[in-house]
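Visitor: structure for the following, please:
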Amino acid sequence: MRVRFSGDCDTLEFLAMLTFPNPRPFCRLRSWGVVICGLVGLAITASGTEPDEEAIRAAVAKSLPLLTEGARVSMKERARCYTCHNQGVPIVALGIARERGFEIDEKEWRAQMRFTAEFLDKNRENYLIGKGQGGQSSTAGSALWALESGGWKPDETTAAVVEYLILWKKELGHWTAQSRRPPTEGSPFTSTHAALRGLLAFGTPEQKERIGKRVEAVREWLRDAPVEDTEDRVFRLRTLRVLEAPEPELAAAAEALRATQKEDGGWAQLGDAESDAYATGTALAALHQAGGLRTSDEAYWRGLAFLLNVQCEDGSWHVATRSDPIQTHYESGYPHGKDQFISISAAGWATIALALALPVVEEVAELPMP
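Guide: Now for the predicted structure:
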């Protein structure tokens, strides 16, 4: 059963207390010091009730234009810079939604992939001698993942990026972020997964032997690498899947992630924090895509219910940043001010998690890529 209602904030928060073990206003928008309750007009899924397909489709459809706009404006405002948050995750999310029959701005989606490829191509000569760009392996790996998700074909540029990833940090046995901006640039598992995925998706036959050595080094590193938070658990699981680890090892990693689900159905970035859309979206997507969790499983739909309940009225998700800024702030076209970059990443992952619960459309036209 789904309950739809509208009313004043006091009434809505009281009703939320009846539904959720850890009640709080779900999407608070602050303007001129006034807190507006974002519950107005939202659908609340009762605890213990599986979200229906109509509600999931509505949430995804509402999110897609905002993801597209965030990517478009960021590309305009940062014409020389691919961004993992405004290009990478939204490109993947739009592709997954498209596979499930959602209408997306295909011209813009294609433009985003061209922009990503051109960004990489500008640095091609440096890649070949092991020199990366800003963000180093995290940016390069994320860009290759975005291209892979859109069906981009291997070319001289992707081969050059692979060469760089083979050479970068080879003495460590894994990859690390250039800066520390948690959660997206806070975990060596995240950097390692993106780089490793890029090697295996775009490596050439001539690079195969050296890629194999990096793969084995990652296997060795994973045995004792400490796991501290949700980001670590999510991308450790994804890395194991990319490595085609034995099923018992994958199952153990998936259970370690699933076991940290909170009473409200969500996941938190850190153990003592509240659940949020970023941690929940990444956890659900990893559990399904890498851990084999069915979207009909109670753990999955409890997570979906959380995402539906914290989606803002405008279709966005708001997650507070916990990173110190290292670049000049700019407005990217996504809501939530200084929190917009982690929020658009969260929205991308929330959209992915929701869309994965829907059936794939059998015939989706393949878009020609330049």
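
Visitor: confirm that residue 92 sits in a helix.
Guide: Yes. Under DSSP: H, G, I helix; E, B strand; the rest coil, residue 92 falls within a helix.

Visitor: against residue 71, how distant is it?
Guide: 11 Å (C-beta to C-beta, to the nearest Å). C-betas here are computed from N, CA, C, even on glycine.

Visitor: how about residue 151?
Guide: As judged by C-beta to C-beta, residue 151 and residue 71 stand 17 Å apart.

Visitor: who's more crowded, those two?
Guide: residue 71 (31 against 12; other C-beta atoms under 10 Å).

Visitor: does residue 65 touch residue 315 like I think?
Guide: Yes. Between residue 65 and residue 315 there is a contact under C-beta atoms under 8 Å: 7.2 Å.

Visitor: neighbour count for those two, which is higher?
Guide: For residue 65 versus residue 315, the count of surrounding residues by other C-beta under 10 Å is larger for residue 315: 19 against 13.

Visitor: okay, and the nearest residue to that one once chain neighbours are set aside sits in which element?
Guide: The shortest distance from residue 315 to any non-neighbouring residue, by C-beta to C-beta, 6 or more residues apart in numbering, is to residue 62 (3.3 Å). Counting by DSSP states H and E, the element that carries residue 62 is helix 53-77.

Visitor: off-centre distance for that helix?
Guide: Taking the mean of its C-alpha atoms, helix 53-77 sits 13 Å from the chain's own mean (C-alpha atoms, centre = their mean, to the nearest Å).

Visitor: equivalent analysis for stretch 279-288, please.
Guide: 9 Å.

Visitor: touching it from outside, list them.
Guide: If you take C-beta atoms under 8 Å, 6 or more residues apart in numbering as the criterion, stretch 279-288 is touched by 183, 230-231, 233-235, 237-238, 254, 257-258, 260-261, 265-269, 293-295, 299-300, 303-304, 306-307, 346, 348-353, 356.

Visitor: before we move on, back to that, who touches the residue nearest to residue 315 in this structure?
Guide: Counted by C-beta under 8 Å, 6+ apart, residue 62 has contacts 311, 314, 315.

Visitor: tell me which of these is nearest to residue 338?
Guide: residue 314 (17.5 Å; C-beta to C-beta).

Visitor: next, the contact list for that closest one, please.
Guide: 62, 66, 335.

Visitor: just residue 220 next, same as before
Guide: residue 173.

Visitor: give me the mean pLDDT for the helix or strand harbouring it.
Guide: Under the criterion of DSSP H and E, residue 220 resides in helix 208-224. For helix 208-224, mean pLDDT rounds to 96.

Visitor: buried residues in it, which are they?
Guide: 210, 211, 214, 215, 217, 218, 221, 222 (16 or more other C-beta atoms under 10 Å).

Visitor: now stretch 190-205
Guide: Quick answer for stretch 190-205 (16+ other C-beta under 10 Å): 190-203.

Visitor: stretch 154-163 too?
Guide: Buried residues in stretch 154-163 (16+ other C-beta under 10 Å): 157, 158, 159, 160, 161, 162, 163.

Visitor: same check, this time on stretch 240-248
Guide: Neighbour-count burial for stretch 240-248 flags 240, 241, 242, 243, 245 (criterion: 16+ other C-beta under 10 Å).

Visitor: coming back round to it: could you point out which element follows the helix holding residue 220?
Guide: Next in sequence after helix 208-224, counting helices and strands by DSSP H and E, comes helix 230-242.

Visitor: tilt between that next one and helix 208-224?
Guide: 140 degrees (axes from the mean of the first three to the mean of the last three C-alpha atoms, to 10 degrees).

Visitor: so which elements touch the helix or strand harbouring residue 193?
Guide: Assigned by DSSP H and E, residue 193 falls within helix 188-202. Judged by 3 or more C-beta pairs under 8 Å, 6 or more residues apart in numbering; DSSP states H and E, helix 188-202 is in contact with helix 136-149, helix 156-167, helix 208-224, helix 230-242.

Visitor: same list, the ones you listed, but as TSV with distance to residue 284 please.
Guide: As requested, the helices and strands packed on helix 188-202 are exported to TSV (distance: least, C-beta to C-beta, whole Å):
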stretch	distance to residue 284
helix 136-149	17
helix 156-167	28
helix 208-224	22
helix 230-242	10
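
Visitor: got the domain boundaries for the protein?
Guide: By the assignment in automatic domain parsing, the chain contains the domains 1-49, 52-356.

Visitor: got CSV for those domains, with distance to residue 362 too?
Guide: Shown next, in CSV, are the domains of the chain (distance: least, C-beta to C-beta, whole Å):
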stretch, distance to residue 362
domain 1-49, 28
domain 52-356, 10
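
Visitor: circling back: how about the contacts of residue 314 in JSON lines, adding distance to residue 128?
Guide: Shown next, in JSON lines, are the contacts of residue 314 (distance: C-beta to C-beta, whole Å):
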{"residue": "62", "distance to residue 128": "44"}
{"residue": "66", "distance to residue 128": "38"}
{"residue": "335", "distance to residue 128": "40"}
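
Visitor: just those: which has the poorest pLDDT?
Guide: Lowest pLDDT among the contacts of residue 314: residue 335, 88.

Visitor: my guess is residue 340 meets residue 330, correct?
Guide: No. Contact criterion C-beta under 8 Å: residue 340 and residue 330 do not qualify, at 9.4 Å.

Visitor: in terms of neighbours, single out the busier of those two.
Guide: Neighbours were counted for residue 340 and for residue 330 using other C-beta under 10 Å; residue 340 has more, 25 against 12.
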